[in-house]
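# Pasting the sequence and the predicted model now:
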Amino acid sequence: MVTRRTVIGACCAGGVGVVAGCADEGNGETTATASSDSDSDCRTVTETRTDTLYDEIQSINAGGTLTWNPDLERGDQLTIDVTEIDGARPALEVEDSSGTMIADIGPSSNIRRTLSIDADDRYYITLENEALMTSGQWDIVLTLEREYEEEVCN
């Protein structure tokens, strides 16, 4: 499988800050299943699509943060995978739009968390370098898995 690295962001003065969103450019993988209703000629087709929202090696300054704010739907599976390459270890926080903490992981050299989304909302994913004197590099991959249903009639 070929991994495409996509950066959607902007660097901010006085440190590193990246704001990224979903990029639906058909770069995902899909699988489909079908079920039928015996009383009609229609069937429901469920397709699971996996899209890479972010896949980059990112440099981070001491005390810096990286933030993404995707709009997610109930039933989505969001996988956050962060590996320290050099220097400071990342800490992860994920909140919904009302500020409810969904995930809080202290500094670690390897973070992998899959979140099952319970409600349609905008979520805030923040990686922070809590070290005030050490910069570093992190390999960051955010992956979204979403199911789509469609009724197909003959």
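Good, I have the coordinates.

# can you give me the strands in the chain?
In the chain, the segments counted as strands under DSSP state E are 19-20, 29-36, 42-60, 65-68, 71-72, 77-87, 90-96, 101-105, 110-116, 121-129, 136-153.

# Show me what the fourth one packs onto, helices and strands only.
In terms of contacts (3 or more Cβ pairs under 8 Å, 6 or more residues apart in numbering; DSSP states H and E), strand 65-68 is packed against strand 19-20, strand 42-60, strand 121-129. Heads up, the C-betas are built off the backbone N, CA and C, glycines and all.

# same check, this time on the third one
Judged by 3+ Cβ pairs under 8 Å, 6+ apart, the packing partners of strand 42-60 are strand 29-36, strand 65-68, strand 136-153.

# quick check: mean pLDDT across the first one?
What it means is strand 29-36. Averaging pLDDT along strand 29-36 gives 58.

# now swap in the shortest one and tell me
Computed over strand 65-68, the mean pLDDT rounds to 97.

# in its sheet, what does it sit against?
Taking DSSP bridges as the criterion, strand 65-68 forms sheet pairs with strand 19-20 (parallel), strand 121-129 (antiparallel).

# Over to the longest one?
Strand 136-153 has these partner strands in its sheet, going by DSSP bridges: strand 42-60 (antiparallel), strand 77-87 (antiparallel).

# Domain ranges for the chain, per the record?
Following automatic domain parsing, the chain resolves into domains at 6-73, 80-110.

# Could you tell me the least trusted of those domains?
Minimum mean pLDDT among the domains of the chain: domain 6-73, a mean of 69.

# In contact with Glu128: list those residues for me.
64-66, 90-93 (Cβ atoms under 8 Å, 6 or more residues apart in numbering).

# out of these, which is most surrounded?
Counting neighbours by other Cβ atoms under 10 Å, Pro90 leads those with 27 neighbours.

# Quick check: it touching Asn129?
Yes. With contact defined as Cβ atoms under 8 Å, Pro90 counts as touching Asn129 (6.7 Å).

# Overlap in contacts, those two.
Joint contacts of Pro90 and Asn129 (Cβ under 8 Å, 6+ apart) are Ile60.
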